[in-house]
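**Student:** what follows is a predicted structure for the sequence shown.
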Amino acid sequence: MDNVPLLSFLVLRRRCRDCGVRISWRYPAIELATAALWVLCWLEFGLSLQAVGMAVFCFLLLGLAAMDAETLLLPNAFTLPGIALGVVCSGAVCDGGWLERMRCAGISLGWATAAAALMLAIRGLYWLVRRREGMGLGDARLFAMIAAWLGPADALLVFFLAVVGAALYGVLRIGLRKGEGRTQARVPLGSFLCAAAIFAAFQGKAVVDWYLGFFG
């Protein structure tokens, strides 16, 4: 059941053809979401290399969001190649000759490094204050990937939206709990980072420009 096309899901009435096990709704949901995001990439960026790059970026984000929500893990097999692809794509879509493209790729790598350093600093500060881990290393690698693809302004927007969303989710979960578990709730921050990054990929520039307009 590693690959469950939507048509098979409907024809087989939500059961695996081989073993008869009931198929989760998340498989067709992710396939539909992926298709919708690819269409959005085409509508937003046209038939271009940037559209292809954003489609790959959205594919990675959607997969990572689902994995973190289900397992609280962000595999290196997705985040590390995602960082590399973000650096390569930033150079490929850059206008100019090879030197300019290399410069853009280097800048992308620099922002990815800065993003990872920011998350590691927050992780270390939390540990010093609370003496326990509050953020996984996978979140740092994921944020580095997002910065490599989107740049600093959109990455900061992603961080803000993800933290607010995760905080509201955590408060809601704690409020619904009873007993000893009421004071704590494990939050898949990576899922919120991914959702915010998908939003920023399409609307990040408009939001950042709107915000900066207050200071213009």
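**Tutor:** Thanks, I have the structure now.
**Student:** name the element the most centrally placed residue in the chain belongs to?
**Tutor:** What sits nearest the mean C-alpha location of the chain, by C-alpha atoms, centre = their mean, is C194, with 2.2 Å. Secondary structure from DSSP states H and E places C194 in helix 189-212.
**Student:** next one: M102
**Tutor:** M102 belongs to helix 98-130, assigned by DSSP H and E.
**Student:** can you give the distance from that helix to the centre of its chain?
**Tutor:** 16 Å (C-alpha atoms, centre = their mean, to the nearest Å).
**Student:** quick one: mean pLDDT for it?
**Tutor:** Throughout helix 98-130, pLDDT has a mean value of 94.
**Student:** report all helices and strands that that helix contacts.
**Tutor:** helix 76-92, helix 137-150, helix 152-176 (3 or more C-beta pairs under 8 Å, 6 or more residues apart in numbering; DSSP states H and E). For every residue, glycine as well, the C-beta is placed using N, CA and C.
**Student:** next, format those helices as TSV and append mean pLDDT and mean neighbour count.
**Tutor:** Below are the helices and strands packed on helix 98-130 laid out as TSV (pLDDT from 0 to 100; neighbours: other C-beta atoms under 10 Å):
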stretch	mean pLDDT	mean neighbour count
helix 76-92	96	18
helix 137-150	97	26
helix 152-176	92	16
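**Student:** got the ones you listed as CSV, with distance to A69 columns?
**Tutor:** Shown next, in CSV, are these (distance: least, C-beta to C-beta, whole Å):
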stretch, distance to A69
helix 76-92, 14
helix 137-150, 13
helix 152-176, 11
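**Student:** now for those helices, which one comes closest to L49?
**Tutor:** Closest to L49 of these is helix 76-92 (C-beta to C-beta; 5.9 Å).
**Student:** for D139, list the residues it contacts.
**Tutor:** Residues near D139 by C-beta atoms under 8 Å, 6 or more residues apart in numbering: 74, 119, 123, 189-190, 193.
**Student:** for T34, which of the helices and strands packed on helix 98-130 is the nearest?
**Tutor:** helix 76-92 (14.2 Å).
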